[in-house]
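*Asks:* how does the following fold in three dimensions:
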Amino acid sequence: ELRPLSGVDAAVRKYVLDSEDAAAFVERAANLLEFCLPRFEREGRSYVTIGIGCTGGRHRSVALAEHLASLLGSRLGLGLEVLHRDIDRVKLKGLGADPDHGDGEPSVRLGGRE
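*Replies:* From the prediction side, this is the model:
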């Protein structure tokens, strides 16, 4: 029932972030970025791009990026911009189809594997 929603929806965020692995990922990524971002700023960098991806770009990566930005913004006092490149892109069939939203058939077969 969460499939039509995205990672900005509370129910999807809760589902994703309640996972032990998601919590471990966010904490490790936050610690690394908390170390790196002030150093980038000291070096005069005006921006840094951080990419978080998942299969469809609509659920996990969105929830994780939102949570990580919120966490880092509060820890470091930074204004962070979050852009979700693929949140509205859902191709259901054919080459490049999102397996989380398709008809269950693999869209790409390599070397005879599915």
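
*Asks:* touching stretch 28-39 from outside, list them.
*Replies:* 48, 50, 68, 71, 72, 75, 76, 78 (Cβ atoms under 8 Å, 6 or more residues apart in numbering). In short, each C-beta sits where N, CA and C put it, glycine included.

*Asks:* do stretch 3-14 as well
*Replies:* Outside stretch 3-14, the residues that touch it by Cβ under 8 Å, 6+ apart are 2, 16, 58-67, 84, 87, 100-101.

*Asks:* next: stretch 64-72.
*Replies:* 7-8, 13, 16-17, 22, 25-26, 29-30, 33-34, 37, 50, 52, 78, 80, 82, 84.

*Asks:* could you flag which of the residues you listed are buried?
*Replies:* 7-8, 13, 16-17, 22, 25-26, 29-30, 33, 37, 52, 80, 84 (16 or more other Cβ atoms under 10 Å).

*Asks:* which of the residues in stretch 47-61 are buried?
*Replies:* By neighbour count with 16+ other Cβ under 10 Å, stretch 47-61 contains the buried residues 52, 54, 56, 57, 58, 59, 60, 61.

*Asks:* how long is that stretch end to end?
*Replies:* End-to-end distance for stretch 47-61, by Cα to Cα, to the nearest Å: 20 Å.

*Asks:* what helix or strand does residue 38 sit in?
*Replies:* helix 20-42 (DSSP states H and E).

*Asks:* beyond that helix, next helix or strand please.
*Replies:* helix 60-76.

*Asks:* how far does that next one sit from its chain's centre?
*Replies:* In terms of Cα atoms, centre = their mean, to the nearest Å, the centre of helix 60-76 is found 9 Å from the chain centre.

*Asks:* sorry, back to before: which one of the contacts of stretch 3-14 is nearest residue 42?
*Replies:* Ranked by distance to residue 42 (Cβ to Cβ), those are led by residue 65 at 24.3 Å.
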